[in-house]
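1. give me the fold of what follows.
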Amino acid sequence: MNDELVTQAAGAEELGVLVGAVGAAGFFSLMIVIVWQVAATWRARMLAAREEQYKELATRYAQLLEDTVELQRRTTEDQRRLLEELAQTRLAVGSMEKMMREIE
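-> Presented below is the predicted three-dimensional model:
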């Protein structure tokens with residue numbers, strides 16, 4: 001009878017060790033999954049923040065591009081106007097030269 005109790009106690013002890021090992025493995029697995037999910041969430045938030053920054057940069061770039069196009073258009077108009085004024089000035093100077101030659 002004593003041998004049976006010792007055998008049952010040894011079996012219960014082995015069962016306790018097995019349950020402890022399974023419990024520890026389950027706990028560590030749970031911790032790994034939690035850490036993995038926290039890292040994935042953090043990574044997703046960082047990507048979302050980066051995407052928002054890219055959108056802001058794209059908006060700023062588009063605005064700067066529009067401003068540049070407007071400045072280029074104004075510069076082109078100013079150059080055209082200055083060329084017209086220069087052509088009129090050349091005509092006026094040419095007329096004055098012709099008149100001065102006629103006077104001499």
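
2. just the element for W36, please.
-> Assigned by DSSP states H and E, W36 belongs to helix 2-103.

3. tell me the mean pLDDT for that helix?
-> Helix 2-103 shows an average pLDDT of 89 in the prediction.

4. from the chain's centroid, how far away is it?
-> Centroid separation for helix 2-103 versus its chain: 0 Å, with CA atoms, centre = their mean, to the nearest Å.

5. find the residue at the geometric middle of this protein.
-> In the chain, the C-alpha nearest the mean C-alpha coordinate belongs to Y54, at 3.2 Å (CA atoms, centre = their mean).

6. how close does that residue sit to E70?
-> Noted for Y54: a distance of 25 Å to E70, by CB to CB, to the nearest Å. All C-beta atoms are positioned from the backbone trio N, CA, C, and that covers glycine.

7. residue contacts, the residue nearest to the centre of the chain?
-> Y54 is in contact with no residue at all, counting by CB atoms under 8 Å, 6 or more residues apart in numbering.

8. number of nearby residues for A92?
-> 10 (other CB atoms under 10 Å).

9. and Q72, how far is that from A62?
-> Counting by CB to CB - Q72 and A62 are separated by 16 Å.

10. what is the burial count for V38?
-> Close neighbours of V38, defined as other CB under 10 Å, add up to 10.

11. likewise E51?
-> By other CB under 10 Å, the residues close to E51 number 10.

12. and for T41?
-> Burial measure for T41: 10 neighbouring residues, criterion other CB under 10 Å.

13. gap between it and E51?
-> To E51, T41 is 16 Å away according to CB to CB.
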